[in-house]
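Participant: Model the structure of this input:
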Amino acid sequence: MSREFSVTYYPYPQVDPKTGKVSDLFRPTIPIKVSFKNKTTTAFQALVDSGSDRNLFPSEIAEILGIPIKKGIPRPIFGIGKVKILAYTHKVLISFEKYSFEVEVDFSDEQKIPLLGRFGFFDRFKRVLFREKKSEICFKI
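Facilitator: Modelled structure (predicted):
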């Protein structure tokens, strides 16, 4: 039996460069926890990024979990403008809502925002739907 649930986009304050006014920019982020061996992070927001092939997290998350980053599999990551950064792949457990699954995550000193990508996150669901007008993401298990 499949189950569907939605998560509302998270508000991030932004400043209009012309007026200086602060307003909220709603982004498709979700609260997740990451576990490695016997350590688990507190919940943090990760961007659900349909343009990202893989899960890519800042190295600080690996450090919190005691993951020896450079002992992972080295992986060059190419982003916008073919900019290359070096990341190290490790298997971790991601918890989201009532679900947990083991995935590969690439950790990099050069990454500042946790990204959930198509391989290792989207592929865990039957469907991931962005509902921009409602500012929500719908997941079908």
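
Participant: Quick one: classify the residue lying farthest from the centre of the chain as helix, strand or coil.
Facilitator: Ranked by distance from the centre of the chain (Cα atoms, centre = their mean), the top residue is Thr19, with 31.5 Å. Under DSSP: H, G, I helix; E, B strand; the rest coil, Thr19 falls in the coil class.

Participant: where does it land on pLDDT?
Facilitator: Thr19 carries a pLDDT score of 95 in this model.

Participant: Could you do Met1 as well?
Facilitator: pLDDT at Met1 comes out at 64.

Participant: Quick check: beta-bridge partners of Ile137?
Facilitator: Val7, Phe130 (DSSP bridges).

Participant: what's it in contact with, if anything?
Facilitator: For Ile137, the contacting residues are Ser6, Val7, Tyr9, Pro28, Ile30, Val48, Val128, Leu129, Phe130, Arg131, by Cβ atoms under 8 Å, 6 or more residues apart in numbering. Using the backbone N, CA and C atoms, a C-beta is placed for each residue, glycine as well.

Participant: quick check, nearest of those to Leu86?
Facilitator: Nearest to Leu86 out of the contacts of Ile137 is Val48 (Cβ to Cβ; 24.0 Å).

Participant: How much space separates the residue nearest to the closest one when sequence neighbours are not counted from Arg75?
Facilitator: Residue nearest to Val48 in three dimensions, not counting chain neighbours: Pro28, with 4.7 Å by Cβ to Cβ, 6 or more residues apart in numbering. Distance of Pro28 to Arg75, computed by Cβ to Cβ, to the nearest Å: 24 Å.

Participant: So the two - more neighbours on which side?
Facilitator: Of the pair Pro28 and Arg75, Pro28 is the one with more neighbours under other Cβ atoms under 10 Å, namely 21 against 16.

Participant: how close does the more buried one get to Thr41?
Facilitator: From Pro28 to Thr41 the distance is 20 Å (Cβ to Cβ).

Participant: Run through this structure and note the low-pLDDT ranges.
Facilitator: For the chain, the stretches with pLDDT under 70 are 1.

Participant: just the helices in it please.
Facilitator: Assigned helices in the chain, in chain order: 59-65 (criterion: DSSP state H).
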